[in-house]
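Student: Kindly return the folded structure for what I paste below:
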Amino acid sequence: MAKNEKGVALILTLILLLILSVMAISLLFMGQAETWSSMNYRMMTQARYGAEAGINQAANYIQNSYTSPTTAQMASFNTAVSPVTAGGAPVILSASGTAANYPVSAVSSDFATKATGTIRAGNTTVTYAPSAKLLAMQSFQSYPSATTAVVQKWEITSDGTINGVRKADVQVSAIMEQQKMSTFAYAAFATATGCSAMSFGGGGSTDSYDSASITYDNKGNPITQSYGGNVGTNGNLSESGSKTTINGSLSTPRSGTGTCSTSTVTAVSVNGNATLTGGITELPQNVTYTTPPAPSPAPPTTSMSIQKSASCPISTNCTASGADTVITGGTSSTTATLLGNVSLDSQANLHFAAPACSAAATPVYINMNSIQVTGNATITVDPIQCPSGTVTTKYPEIILNVAGSGVTAPIDLTGSTLTNPSLNPADFQLLYAGTGQVTLNGGSAAAGLLYAPNASFKLNGGGNWYGAVIAGLITDLGGGAIHYDRELQKEFYSVGPYMLSTFNWQKY
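Tutor: Next up, the predicted model:
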């Protein structure tokens, strides 16, 4: 029996060695597979990051180097379809293998040169090559420059490629969109970023009305609604006083409530049972308003007095009768009526008017260095008149461009009563680029727009201001009310910031 079992141990050993060898080879292949899988993942990730770098490079080019088409060039684009076409084919900027089709060759070649590139990822070089397809484009008249602006929507696609023995290729796409935004989207917006950038107190308030369909109470006062008086700031809203009420929301990139400090700028600080009815809307970033262009032609800096006994401070575009001084604006920004440092004496009556029989809503321009009221005086927006003397119920858009050269308080209407009978704030617009002090006086028919994104603003007393205010710092501590005109949401527009969204990716 023992003799017949000779060699069994060897056979078992060989079988065991075979099994162990198979297991070792299997483990080797499994380890190699894991290594290759890990390498593939690493290379795919690096290629994706490279593709995303191409997305950002293309986005950076469009935001900072790209020049929107001029009015004349717009004729080459068919904006009635999406994507936008030129010559029947989609409009494309390309630094990749995608065929470019952009009507302005200089832009097309510049993008092809500047948008492509490489990045290092360890010992690996990733090449990126993006293209951008124009999905939509719209032109409009921007505020405050009154020039043609263009907003666009692009689909950016970028390939991230790693070349070598083992290759990786990942494609990433994103949507980059720039929209036009309502310039006067808030009853008041303060661009400052610190504490008390906007201050309401003493019963100060906001609400809204609609200038296209105004209703009045039995005393002839406009009826406003206790909503829609939204406010915004890049900093903090400070509210105080039991009757102080923001009938709307607060929009700010800040967060939190309570005590504000230079190290911790909260969204809102409320004292004395003040009310914010609409809560807080957190903005993704600071809101930037374009500084209005300097008045051109520049106004003089000479002193010009408007007195109780009317007289003209300028030789043209002015009439004086009794106690009324009437200044007529120019029909374009280049032919604006020029005024220096205008001061209104006690009981003086200053009227702003359009040339006879002007079309309604046609802007008329007045460039002045400053305006100051030293006593109880009136400022009135006149309706459009025709040569026969017929007075219409239509009003022009009076645009006052204030230079403020050498003046610390370029707009001071403390002692005045502003009367804009239409209660359409677009009919009285104050534009100021500087950092000086602006003070407005409220009234029963004080309607207008203040666009002074760098200035400090104060609403004097407890009067009413119908319209909207954009300033650096905003203060309403005397119980004044800002009544936002909801019609402003569809009247004036500015170019908004670009936003990147809708990221997608795929590997090859």
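Student: Run through the helices of the chain in chain order.
Tutor: Ranges of helices within the chain are 8-64, 105-114, based on DSSP state H.
Student: Lowest average pLDDT across these?
Tutor: Considering the helices of the chain one by one, the lowest average pLDDT is found for helix 8-64, at a mean of 80.
Student: quick one, which of the helices of the chain is nearest to residue 445?
Tutor: Residue 445 lies closest to helix 8-64 among the helices of the chain, at 43.5 Å (CB to CB). (Each C-beta comes from the backbone N, C-alpha and C, glycine too.)
Student: now the helices of the chain as a markdown table including distance to residue 455 and mean neighbour count?
Tutor: Conversion of the helices of the chain to a markdown table gives the following (distance: least, CB to CB, whole Å; neighbours: other CB atoms under 10 Å):
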| stretch | distance to residue 455 | mean neighbour count |
| --- | --- | --- |
| helix 8-64 | 28 | 14 |
| helix 105-114 | 37 | 15 |
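Student: Just put these in JSON lines and tack on distance to residue 402.
Tutor: Conversion of those to JSON lines gives the following (distance: least, CB to CB, whole Å):
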{"stretch": "helix 8-64", "distance to residue 402": "31"}
{"stretch": "helix 105-114", "distance to residue 402": "38"}
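Student: wait, which of those is closest to residue 437?
Tutor: Nearest of those to residue 437, taken as CB to CB: helix 8-64 at 34.6 Å.
Student: which helices and strands does the closest one pack with?
Tutor: If you count contacts as 3 or more CB pairs under 8 Å, 6 or more residues apart in numbering; DSSP states H and E, helix 8-64 packs onto helix 105-114, strand 117-121, strand 124-141, strand 148-162, strand 168-182, strand 493-507.
Student: so which of the helices of the chain comes closest to residue 208?
Tutor: Evaluated over the helices of the chain, closeness to residue 208 peaks at helix 8-64, with 34.2 Å, by CB to CB.
Student: Contacts only, for residue 46.
Tutor: The contact partners of residue 46, taken as CB atoms under 8 Å, 6 or more residues apart in numbering, are 121-122, 124, 126, 160, 162, 168.
Student: what's the answer for residue 446, then?
Tutor: If you count contacts by CB under 8 Å, 6+ apart, residue 446 has them with 417-420, 440, 463-466.
Student: Nearest approach to residue 136 belongs to which of the helices of the chain?
Tutor: helix 8-64 (13.7 Å).
Student: any idea how far residue 233 is from the residue nearest to residue 225 when sequence neighbours are not counted?
Tutor: Across the structure, with CB to CB, 6 or more residues apart in numbering as the measure, the residue nearest residue 225 apart from its sequence neighbours is residue 208 (5.5 Å). As defined by CB to CB, to the nearest Å, residue 208 lies at a distance of 18 Å from residue 233.
Student: Neighbour count for the two, which is higher?
Tutor: Taking other CB atoms under 10 Å, residue 208 and residue 233 do not tie; residue 233 has more neighbours (30 against 22).
Student: Find me the pLDDT at the nearest residue to that one once chain neighbours are set aside, would you?
Tutor: Leaving out its chain neighbours, the residue that sits closest to residue 233 by CB to CB, 6+ apart is residue 190, at 4.1 Å. Per-residue confidence at residue 190 stands at 98 (pLDDT).
Student: before we move on, what about residue 393?
Tutor: With respect to pLDDT, residue 393 has a value of 69.
Student: cool, and residue 353?
Tutor: Note for residue 353: predicted pLDDT of 94.
Student: and it, how far is that from residue 212?
Tutor: Taking CB to CB as the criterion, residue 353 is separated from residue 212 by 23 Å.
Student: So between these two, which is more surrounded?
Tutor: Comparing residue 353 with residue 212 by other CB under 10 Å, the one with more neighbours is residue 353, at 23 against 10.
Student: Tell me who's in contact with that one.
Tutor: Contacts of residue 353 were listed using CB under 8 Å, 6+ apart, and they are 326-329, 364, 381-382, 385, 396.
Student: Contact partners for residue 254?
Tutor: 235-236, 265-267, 282.
Student: Please parse this protein into its domains.
Tutor: The chain breaks down into these domains under automatic domain parsing: 40-181+496-507, 188-493.
Student: taking these together, which one is wrapped up most tightly?
Tutor: domain 188-493 (a mean of 19; mean count of other CB atoms under 10 Å).
Student: can you give me how far it is from the chain middle?
Tutor: Per CA atoms, centre = their mean, to the nearest Å, the displacement of domain 188-493 from the mean C-alpha position of its chain is 19 Å.
Student: Please verify my assumption that residue 296 contacts residue 330.
Tutor: No. Because the distance of 11.9 Å does not satisfy CB atoms under 8 Å, residue 296 is recorded as not touching residue 330.
Student: what sits against residue 143?
Tutor: 183, 451, 492-494.
Student: ok, of these, which one's closest to residue 134?
Tutor: In terms of CB to CB, no member of the contacts of residue 143 lies closer to residue 134 than residue 493, at 20.3 Å.
Student: Tell me who's in contact with that closest one.
Tutor: So, once contact is read as CB under 8 Å, 6+ apart, residue 493 ends up touching 140-143, 180-183.
Student: In the sheet, which residues pair with it? Tell me.
Tutor: Judged by DSSP bridges, the bridge partners of residue 493 are residue 142, residue 182.
Student: and the gap between it and residue 149?
Tutor: 8 Å.
Student: pLDDT weak spots in the protein?
Tutor: Counting by pLDDT under 70, the low-confidence segments of the chain come to 1-6, 29-39, 165, 358-361, 387-393, 507-508.
Student: I'd guessed residue 83 sits against residue 101; true?
Tutor: No. The pair formed by residue 83 and residue 101 falls short of the contact definition of CB under 8 Å, at 10.2 Å.
Student: okay, and the common contacts of the two?
Tutor: Counting by CB under 8 Å, 6+ apart, the residues touching both residue 83 and residue 101 are 90-91.
Student: contact partners of stretch 422-431?
Tutor: Residues from elsewhere that reach stretch 422-431 (CB under 8 Å, 6+ apart): 144, 209, 211, 214, 222, 292, 352, 361, 381, 383, 395-402, 411, 418, 420, 438, 445, 447-452, 466-468, 485, 487-488, 491-492.
Student: can you put the contacts of residue 353 in TSV and add distance to residue 287?
Tutor: As requested, these are exported to TSV (distance: CB to CB, whole Å):
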residue	distance to residue 287
326	38
327	34
328	36
329	30
364	29
381	29
382	35
385	40
396	30
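Student: Of the residues you listed, which belong to strands?
Tutor: Applying DSSP state E to the contacts of residue 353, the entries found in strands are 326-328, 364, 381.
Student: Could you dump the domains of the chain into a markdown table and include distance to residue 16?
Tutor: Compiled in a markdown table, the domains of the chain are given as follows (distance: least, CB to CB, whole Å):
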| stretch | distance to residue 16 |
| --- | --- |
| domain 40-181+496-507 | 36 |
| domain 188-493 | 67 |
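Student: Residue 26: which of those domains is closest?
Tutor: Evaluated with CB to CB, the domains of the chain place domain 40-181+496-507 nearest to residue 26, the distance being 20.6 Å.
Student: Report the distance from that closest one to the chain centre.
Tutor: Using CA atoms, centre = their mean, the mean C-alpha position of domain 40-181+496-507 is found 22 Å from that of the whole chain.
Student: Now that we have the helices and strands packed on helix 8-64, can you turn them into a markdown table and tack on distance to residue 319?
Tutor: Formatted as a markdown table, the helices and strands packed on helix 8-64 follow (distance: least, CB to CB, whole Å):
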| stretch | distance to residue 319 |
| --- | --- |
| helix 105-114 | 52 |
| strand 117-121 | 65 |
| strand 124-141 | 31 |
| strand 148-162 | 35 |
| strand 168-182 | 37 |
| strand 493-507 | 35 |
